[in-house]
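**Q** Structure for this input, please:
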Amino acid sequence: MKVLKTVLIVALALLGLAAGAAKLMAAPQEVALFAAFGLEQPAVIIAGVVQTLGAIGLAFAKTRRLAALLTAASFAFSSVMIFATGDLTFAAVSLVPVALSLYVMWFAKKASDGPTG
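**A** Residues are numbered from 1 along each chain as shown. Predicted coordinates:
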């Protein structure tokens with residue numbers, strides 16, 4: 001199970017880095033998505049920074065819970081915008097990283113609680 005959790009964390013981190021990099025590099029589709037909601041390039045950059053920081057934070061046990069929350073929130077934000085554009089299939093697929101990030105947050109909390117007794 002530990003290997004599966006590690007693979008999940010690495011996959012989420014890579015996905016977060018890729019999504020964050022696309023925003024930080026102002027990829028045309030990212031800028032267009034944000035622009036459709038009246039958000040300008042600074043908002044795209046802020047979202048990219050949040051996604052990138054979340055992805056990096058997943059690598060460290062001490063920051064994993066907060067990083068998973070940031071990752072879930074940033075992917076949820078993007079998913080809501082995608083849902084609003086009417087692309088329901090892509091929006092639904094975009095919710096998978098949200099759910100996986102929340103799972104990472106849950107098992108990171110459980111690990112940090114330690115044994116009770």
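
**Q** Work out for me the element the residue positioned nearest the centre of the chain sits within.
**A** In the chain, the centroid-proximal residue (CA atoms, centre = their mean) is Thr71; its distance is 2.8 Å. Using DSSP states H and E, Thr71 maps to helix 64-85.

**Q** any idea of the angle the helix or strand following that helix forms with helix 64-85?
**A** Using DSSP H and E, the helix or strand that follows helix 64-85 in sequence is helix 88-113. Angle of helix 88-113 versus helix 64-85, following axes from the mean of the first three to the mean of the last three CA atoms, to 10 degrees, is 170 degrees.

**Q** Which strands and helices lie in contact with helix 88-113?
**A** Using 3 or more CB pairs under 8 Å, 6 or more residues apart in numbering; DSSP states H and E, the elements in contact with helix 88-113 are helix 2-24, helix 64-85. Bear in mind the C-beta positions are built from the backbone N, C-alpha and C, glycine included.

**Q** Surely Leu100 touches Val10?
**A** No. With contact defined as CB atoms under 8 Å, Leu100 does not reach Val10; the gap is 11.7 Å.

**Q** Between the two, tell me which one has more neighbours.
**A** Leu100 (19 against 12; other CB atoms under 10 Å).

**Q** Which residues are in contact with the more buried one?
**A** 8, 11-12 (CB atoms under 8 Å, 6 or more residues apart in numbering).

**Q** Could you check how many residues crowd around Met105?
**A** 19.

**Q** Which residue is the nearest non-sequential neighbour of it?
**A** Nearest residue to Met105 in three dimensions, chain neighbours excluded: Ala68, at 3.7 Å (CB to CB, 6 or more residues apart in numbering).

**Q** The helix holding Thr71 - contacts with which helices or strands?
**A** By 3+ CB pairs under 8 Å, 6+ apart, helix 64-85 packs against helix 2-24, helix 28-35, helix 41-57, helix 88-113.
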